[in-house]
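S.K.: Fold the stuff below for me.
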Amino acid sequence: MRKIVLGQPSFPIATASQEVKWLAEGLAEVQRASHDQITEEIADAYTLSNVTETRTLNVSTATTADIANVLATLLLDMKNRGVKRG
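M.R.: Predicted coordinates:
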């Protein structure tokens, strides 16, 4: 989710109706949530090397290297913000 800033309402919350207070609290929660760490940004902290990009994993015969390459590919995709980007 992209970060958003809603600002303060143009009226005092203390004098607002219950519905308006509920709405203002809901929007404040959306604003707080928008500042939580974005999932894709988690991968930015990782440095990857010697990766053979692969998006196929046969779980019956996978080796440690296969699993490592799929994990590294997933992290690269997250860093690129999707499989089709980059």
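S.K.: List the buried residues for the helix or strand where Leu74 lies?
M.R.: Leu74 is part of helix 64-79 when elements are defined by DSSP states H and E. Residues 66, 68-70, 72-73, 75-79 are the ones in helix 64-79 that count as buried (16 or more other CB atoms under 10 Å). For every residue, glycine as well, the C-beta is placed using N, CA and C.
S.K.: roughly how far out does it sit from the chain middle?
M.R.: 18 Å (CA atoms, centre = their mean, to the nearest Å).
S.K.: quick one on the thing from earlier: I'd like to know which of the buried residues of helix 64-79 is nearest to Ser17.
M.R.: Taking CB to CB as the measure, Met78 is the one of the buried residues of helix 64-79 closest to Ser17, at 43.4 Å.
S.K.: And the pLDDT at the closest residue in space to the closest one that isn't next to it in sequence?
M.R.: Leaving out its chain neighbours, the residue that sits closest to Met78 by CB to CB, 6 or more residues apart in numbering is Ala43, at 3.5 Å. Per-residue confidence at Ala43 stands at 80 (pLDDT).
S.K.: in this structure, which spans are helices?
M.R.: 18-34, 39-42, 64-79 (DSSP state H).
S.K.: Out of these, flag the one nearest Pro12.
M.R.: Comparing those by CB to CB, helix 18-34 comes nearest, at 10.6 Å.
S.K.: Switch the helices of the chain over to TSV; also include distance to Ser10.
M.R.: Output for the helices of the chain, formatted as TSV (distance: least, CB to CB, whole Å):
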stretch	distance to Ser10
helix 18-34	11
helix 39-42	33
helix 64-79	39
